[in-house]
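Asker: any chance you can model this:
(2 chains)
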2 protein chains.
Amino acid sequence: MQQYPQATIITIGDELLIGQVIDTNSAWMAQELNKAGIAVKKRVAVGDTWEDIWQALDNAFKESQIVLLTGGLGPTADDITKPLLCKYFQGQMIVNEEALENVKAIFTRLNRPLIERNLKQAEVPSTCTVIANKRGTAPGMWFSTTKNNREVVCISMPGVPHEMKGMMTDDVIPGLQNRFQFPHIAHRTLLTAGVGESFLAEMIADFENALPSYIKLAYLPNYGMVRLRLSATGSNAEEVTATINNHFNQLQTLVAPHLVTNKDATLTEVVAEILLQNSKTIGTAESCTGGYIASQFTAKAGSSAYFKGSVVAYSNEVKNTILDVPQTMLDTHGAVSEEVVKLMAQNALIRLNTDFSIAVSGIMGPGGGSEQKPVGTVWMAAASDREVITQKMLFRFDRQRNIELTSTYSLNLLRQLLLKENKS
Amino acid sequence: MQQYPQATIITIGDELLIGQVIDTNSAWMAQELNKAGIAVKKRVAVGDTWEDIWQALDNAFKESQIVLLTGGLGPTADDITKPLLCKYFQGQMIVNEEALENVKAIFTRLNRPLIERNLKQAEVPSTCTVIANKRGTAPGMWFSTTKNNREVVCISMPGVPHEMKGMMTDDVIPGLQNRFQFPHIAHRTLLTAGVGESFLAEMIADFENALPSYIKLAYLPNYGMVRLRLSATGSNAEEVTATINNHFNQLQTLVAPHLVTNKDATLTEVVAEILLQNSKTIGTAESCTGGYIASQFTAKAGSSAYFKGSVVAYSNEVKNTILDVPQTMLDTHGAVSEEVVKLMAQNALIRLNTDFSIAVSGIMGPGGGSEQKPVGTVWMAAASDREVITQKMLFRFDRQRNIELTSTYSLNLLRQLLLKENKS
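Answerer: Here you go, the predicted structure:
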């Protein structure tokens, strides 16, 4: 098999090693690189330490021809990446005029005083080509040289996500595609619900064993759902696409009873698409999820076409005053009950004037549980003007996970109602 | 300086290299290790490939005495971690009786059929000590041996976050503290708002230059706020605490005009604490954030003591019907206007019966902008029964970031109102 250039991603910053921030940059970068046919060999996070960064670079060039760095380029004193790169690639620090103009323009626009420290951002190693930063002051740097007898590229970008993303899209990926030849990589993903990873594996064991070596299957379990992903690699784009589609169709048929979607989409996106296609609207009445389900809907651009709003009834008082749940019902059955979520869902339809609604009420923990209703107890309902369906779950995780699971299960309940009404 | 054992974290899974999931495990692990005085040297993510995992282990043992692995232990066929560890640590696969009982018990409890594949999970290398998994089927494995002439430990855990977290807390960290001696590491963090990273750096330049070598300062900018973190390391816990507190007090004084809190807390937590201390309640009226602010409040256990609910008025209709914003006002000024957010905030107080409220309305993008109100335009208001304060912002980022920034800035606006009312 032909060896294509691969990439190693190095993220720099002590904050990554003490866990104070979660690294979302390298996941995004990996995604974009894969789309462009550039396989990622490894991701490494190191601290702001000269020796560690240097060694990470040495190691990276042993296994990859492309090394992408983010972080360590800010204006403050804990940054050592730039002088290190200058020495590593045997250059001298020089002022880059375009980067200087950019820094000045940004400070003028923001009407902030420009200090020595900011001007320093326009200095770069003489051995790099500058990648303009259209969104911030720190310029990107592209080094091309030879290591271990092969052509290598090292690209350093700021750690600020939108600045890095802009550079990747505008300059880095097109530049790499210009310089190297990459294989075609295709991924196809489907989403299943209501069945465990090992059970799925049994269902598709023969299929999996018969897969050719250039197709990989991965199981990605998450919050009560399992995604299955096929990845195919090859030199001919058309062949790769045809092969993966063929195998993907087989896979879909095998898991059909549990299939939610044959796209790499979230459950929220699946539900949104059904609503959009049928010109239907939705609203939520949320107690224990506290607006999380609504925020999942509205995270997506264009959601105003189907999502109208939500009543977050975290207190019983709000359940009563805005969602018209009688105090006697709350007293008799408790806020976490089938009766209450049913009425919350029905009254949300009226209050928000929507075609469909979701309502949830539960105990997310860690406190608030009782013997009858332990932590993790959730009642959920999905309603249309024709019917209400309900479901009770008992989740046994931490607060955050319980909230996310409640969101997933209630969306799946809604999906079932949507499909049912679509058929009838 | 004494050399203490350090840790390298290796996460395993092709999904990490194609960016289909974000690795939150290793950030959490790093946090917990640091708290226990165990410095993290490096974090590495590799694919499900024999050579890459093997090489990552070899590299890790060169720099660290402690290597923590997560992922690659599920019941499905893409897992190669266990056989690899068996070979790497020169053992044979044997059935662990306790792990077997655990697998059987879980399947009995879930009332699911137990298949061959699940039984395999109870097999472990003969050279490891099993760490019981109280939350799932895959056992943890602890290997102790000698590499490069020093004692090393390798611990393999499942990638499912709550299973890994349980093992880390119950067994791994206590076990490591038992076996090795670690230094005392102390971190103190403060949060500033309304001032840039480089400007802060100038303010505290003398302080920073005078820091002793065992104290580190880091700048952590995030969404219009900058956190400053001091980290001190030493062998004597009391000395470390005294030293860091002394420097931290100096730092606080220097940045006092921009200080939000001297704790490592989020803005939501700061606001929550003020509300709780004064026995005040809050609700939100959200258009463009679609429930995100409410979900930030309710993510925190115990939030029902101050958070009562929210009206997510994503459509103008809901602004009108539930928040009583007159249609004429919406027509005249538009939904994104000072008049509308002011009234949304005031009526949220009444509707939700709270002491304080936040209201936001804006254009998060990518569509929906106009010349007068470009994408990123947001009006926000914070209200009490005594007054309403408003703020207009223009954010220039992507949808997700605009939502998060709107949340941050509106919480900061509320914080200002809370402090003002507390004083008067």
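Asker: list the buried residues of the helix ranked longest in chain A.
Answerer: Using DSSP state H to define each element, chain A has its longest helix at helix A:399-423. Counting neighbours by 16 or more other CB atoms under 10 Å in any protein chain shown, one finds that the buried residues in helix A:399-423 are A:399, A:401-415, A:417-418, A:421. For every residue, glycine as well, the C-beta is placed using N, CA and C.
Asker: likewise stretch A:311-326?
Answerer: Buried residues in stretch A:311-326, counting neighbours by 16+ other CB under 10 Å, are found at A:311-319, A:321-323, A:325.
Asker: can you check stretch A:101-109 too?
Answerer: With burial defined by 16+ other CB under 10 Å, the residues of stretch A:101-109 counted as buried are A:102, A:103, A:106, A:107.
Asker: closest one of those to residue A:284?
Answerer: Distances from residue A:284 to those, taken as CB to CB, are shortest for residue A:106 (40.7 Å).
Asker: mind checking how far the closest one is from chain B?
Answerer: 11 Å (CB to the nearest CB, to the nearest Å).
Asker: in three-state terms, how would that residue be classified?
Answerer: Classification of residue A:106 by DSSP: H, G, I helix; E, B strand; the rest coil places it in helix.
Asker: which non-adjacent residue is nearest it?
Answerer: Using CB to CB, 6 or more residues apart in numbering or on different chains and skipping residues adjacent in sequence, the residue nearest residue A:106 is residue A:137, 5.6 Å away.
Asker: likewise residue A:13?
Answerer: Setting aside the residues directly before and after it, residue A:13 is nearest to residue A:71 in space (CB to CB, 6+ apart), at 4.5 Å.
Asker: what's the spacing between residue A:153 and residue A:64?
Answerer: 10 Å (CB to CB, to the nearest Å).
Asker: can you lay out the buried residues of stretch A:311-326 as a markdown table showing distance to residue A:290?
Answerer: As requested, the buried residues of stretch A:311-326 are arranged in a markdown table below (distance: CB to CB, whole Å):
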| residue | distance to residue A:290 |
| --- | --- |
| A:311 | 12 |
| A:312 | 6 |
| A:313 | 10 |
| A:314 | 6 |
| A:315 | 11 |
| A:316 | 14 |
| A:317 | 15 |
| A:318 | 11 |
| A:319 | 13 |
| A:321 | 17 |
| A:322 | 15 |
| A:323 | 15 |
| A:325 | 17 |
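Asker: below-threshold pLDDT in chain A: ranges please.
Answerer: Across chain A, the stretches falling below the confidence threshold (pLDDT under 70) are A:1-2, A:74-78, A:424.
Asker: run the last query once more with 50
Answerer: Flagging of chain A using pLDDT under 50 yields the residue ranges A:1, A:77.
Asker: then whatever helix or strand residue A:109 lives in to CSV, C-alphas only?
Answerer: Take DSSP states H and E as the rule and residue A:109 turns out to sit in helix A:97-110. Included here for helix A:97-110 are C-alpha records, laid out as CSV according to Å, rounded to 0.1, in the frame of the first residue of the first chain:
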residue,chain,number,x,y,z
GLU,A,97,5.6,44.0,8.0
GLU,A,98,2.2,42.6,7.1
ALA,A,99,1.8,41.0,10.6
LEU,A,100,2.8,44.4,12.1
GLU,A,101,0.2,46.3,10.0
ASN,A,102,-2.4,43.7,11.1
VAL,A,103,-1.6,44.2,14.8
LYS,A,104,-1.8,47.9,14.5
ALA,A,105,-5.0,47.8,12.5
ILE,A,106,-6.7,45.6,15.2
PHE,A,107,-5.7,47.9,18.1
THR,A,108,-6.8,50.9,16.2
ARG,A,109,-10.2,49.3,15.5
LEU,A,110,-10.6,48.2,19.1
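Asker: report the buried residues of the helix or strand following that helix.
Answerer: Moving toward the C-terminus from helix A:97-110, the next helix or strand (DSSP H and E) is helix A:116-119. Neighbour-count burial for helix A:116-119 flags A:117, A:118, A:119 (criterion: 16+ other CB under 10 Å).
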